[in-house]
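[1] take this sequence and fold it.
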Amino acid sequence: MAASVRVEQIDDGYDVVLQDDDELVLAHYDAGDCDVCAGRHDSDQHARQDAERYAAQVRRLLHTARGR
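    Reported below is the predicted structural model:
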């Protein structure tokens, strides 16, 4: 089975999860800890964007590693 990376919404934010034979949470992005928003914008949106950006980086690394 090939490893996959996904973003999963949880109660207080988003987890970046690596799924292989097991699941491993690589990162957690808490919607309440957005320095950019400081309460002025939708911090949930920024947390999701950050999680998606990190997941994309991990996917690129996995793809590069498989190509070798």
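
[2] the helix or strand hosting Leu62 packs against which elements?
    For Leu62, the host element (DSSP states H and E) is helix 43-66. Counting contacts by 3 or more CB pairs under 8 Å, 6 or more residues apart in numbering; DSSP states H and E, helix 43-66 packs against strand 4-10, strand 13-19, strand 23-30. (Glycine included, C-beta is placed from N, CA and C.)

[3] and among the ones you listed, the most buried is which?
    Greatest average neighbour count among the helices and strands packed on helix 43-66 goes to strand 13-19 (a mean of 19), per mean count of other CB atoms under 10 Å.

[4] neighbouring strands - and their directions - for that strand?
    Sheet pairing for strand 13-19, assigned by DSSP bridges, gives strand 4-10 (antiparallel), strand 23-30 (antiparallel).

[5] residues making contact with the helix holding Leu62?
    2-3, 5-7, 9, 13-16, 18, 26-27, 29-34, 36-37 (CB atoms under 8 Å, 6 or more residues apart in numbering).

[6] one more pass at 10 Å, please.
    The contact list for helix 43-66, computed with CB atoms under 10 Å, 6 or more residues apart in numbering, reads 2-9, 12-18, 26-37, 42.

[7] list the buried ones in that helix?
    Buried residues in helix 43-66, counted by 16 or more other CB atoms under 10 Å: Ser43, Asp44, His46, Ala47, Arg48, Asp50, Ala51, Tyr54, Ala55.

[8] how far is that helix from where the chain is centred?
    Remark: helix 43-66 is offset 5 Å from the chain centroid, using CA atoms, centre = their mean, to the nearest Å.
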